[in-house]
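**Q** Below are the sequence and a predicted model; questions follow.
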Amino acid sequence: MLEIKELTVTVEGKTILKGFSLIVLPGEIHAIMGPNGAGKSTLAKVLAGHPFYEVVKGSIKLNGIEILELDPEERAKLGLFMSFQYPLEIRGISNFEFLKHSYSAIHNVKICEEEMREIIHPILEKMKIKESFLERDLNDGFSGGEKKRNEILQMLVLNPKCAVLDETDSGLDIDALRIVGEGVNHFMSKDKMIILITHYQRLLNHIRPHFVHVMVDGRIVESGGPELALQLEERGYEACSKSE
């Protein structure tokens, strides 16, 4: 479903990703862990099509389609979704308006307010989010946990094929972490995939990945199963850096 090959990316002349490669098959969850500055968030933003990053070499194929030359909205229509490490606050646009227009644009359909609310309502119940949440301006005045829960709500409503979750566990308390984990597990199916970027093993107590990859200095230096995350808790990332 997703094939990243020899991806080399620079920012203002500094090389961040250095020949990064990864293949993710349908139905798989891949967790990418690593220290600060390893290039994890850069990878997420390059996948989404952020214009600030220059791809010097490599390719990214989603369902066999090269997406590097596509705009972010074109990637979204192909089924790519990204949750941000620091979600933006946008005043003047309600959560409901954002979801309705995004759903219409991505799926290329016209949908009325009543139909949209029928789609959203069961997801609100699943995520334990009040209906009044929809009328608030997008992320405006939200706590960190509310912003992250809101992004999982967006993912479940928009129903993409490929989700890239950048530090979804950041700022979450124990209860919010569990609810977010349940939302992600509810989203997964045999025809979808997730790249889960995180620093800590705690999120993986709720979302069990098929593979865990350690990213250091712009490339994957170690891969394994879910047990690798537990090992990292014990020995840290420095051991991976030394063994590279």
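**A** Yes, it's here.
**Q** measure the residue nearest in space to the middle of the chain to Gly58 for me?
**A** In the chain, the residue lying closest to the centroid (Cα atoms, centre = their mean) is Leu165, at 1.8 Å. Look at Leu165 and Gly58: by Cβ to Cβ, to the nearest Å, they are 22 Å apart. Where you see a C-beta, it was placed from the backbone N, CA and C, and this is true even at glycine.
**Q** now swap in Val157 and tell me
**A** 32 Å.
**Q** Residue ranges in the chain under the pLDDT threshold?
**A** The chain contains residues with pLDDT under 70 at 239-244.
**Q** Please put the alpha-carbon coordinates of stretch 214-225 into CSV.
**A** C-alpha atoms of stretch 214-225 as CSV (Å, rounded to 0.1, in the frame of the first residue of the first chain):
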residue,chain,number,x,y,z
VAL,A,214,13.9,2.7,15.4
MET,A,215,14.8,5.8,13.5
VAL,A,216,18.2,7.5,14.2
ASP,A,217,19.8,10.3,12.2
GLY,A,218,17.3,10.2,9.3
ARG,A,219,17.2,6.4,8.7
ILE,A,220,15.9,3.2,10.2
VAL,A,221,18.6,1.5,12.2
GLU,A,222,16.6,-1.4,13.8
SER,A,223,13.3,-3.1,13.2
GLY,A,224,11.4,-5.8,15.1
GLY,A,225,8.0,-6.7,16.6
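**Q** Give the buried residues for it.
**A** Neighbour-count burial for stretch 214-225, with 16 or more other Cβ atoms under 10 Å as criterion, is recorded at 214-222.
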